[in-house]
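1. Just need the structure, nothing else, for what follows:
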Amino acid sequence: MPLYVYRCDDCDERFEVFLRTPRASSPSTCEHCGSKNIKRQVAGFAVANSELDRLRALDPQYKRMVEDHVRDTPEADPMRHLEKMIPFDAAQEVGDPVDF
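-> Below is the predicted model of the structure:
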């Protein structure tokens, strides 16, 4: 249901018109002075963003700062687990096989 904004060239007033369908007839005269010299204006509109859109719109400098901080955090390094691993042939007790 479109909401259109019109401006009168004679009295310089702006007014809004709610049309139920795009095919409905637009106003022919100004609501304030009755002049026929009116023009449709570009109206503002809102856009709903998803959370993913908001994340994509983050400032690149902020995103880089977060990535640098995560990279410098030892808990974020997946290679830290490899240092704790022991090869099977060096283990004292291998344990029972895991059934997948």
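
2. right, and the helix or strand after the helix of greatest length in the chain?
-> Determined from DSSP state H, the single longest helix within the chain is helix 60-71. Sequence order places helix 80-84 as the next helix or strand after helix 60-71, per DSSP states H and E.

3. Now the longest helix of the chain: average pLDDT?
-> Mean pLDDT, helix 60-71: 80.

4. And for stretch 30-44?
-> The pLDDT scores in stretch 30-44 average 87.

5. Return the distance of it from the chain's centre.
-> Put simply, stretch 30-44 sits 33 Å off its chain's centre (CA atoms, centre = their mean, to the nearest Å).

6. Would you mark the buried spots in it?
-> Buried residues in stretch 30-44, defined by neighbour count with 16 or more other CB atoms under 10 Å: 30, 38. The C-beta positions use only the backbone N, C-alpha and C, and glycine is treated the same way.

7. Could you list which residues are in contact with residue 38?
-> 6, 7, 8, 9, 27, 28, 29, 30 (CB atoms under 8 Å, 6 or more residues apart in numbering).

8. What subset of the residues you listed is buried?
-> Burial by neighbour count, 16+ other CB under 10 Å: within those this picks out 6, 8, 30.

9. and the first one, helix, strand or coil?
-> Remark: residue 6 carries the secondary structure label strand [criterion: DSSP: H, G, I helix; E, B strand; the rest coil].

10. Which residue is the nearest non-sequential neighbour of it?
-> Of all residues not flanking residue 6 in the chain, residue 38 sits nearest, at 4.8 Å (CB to CB, 6 or more residues apart in numbering).
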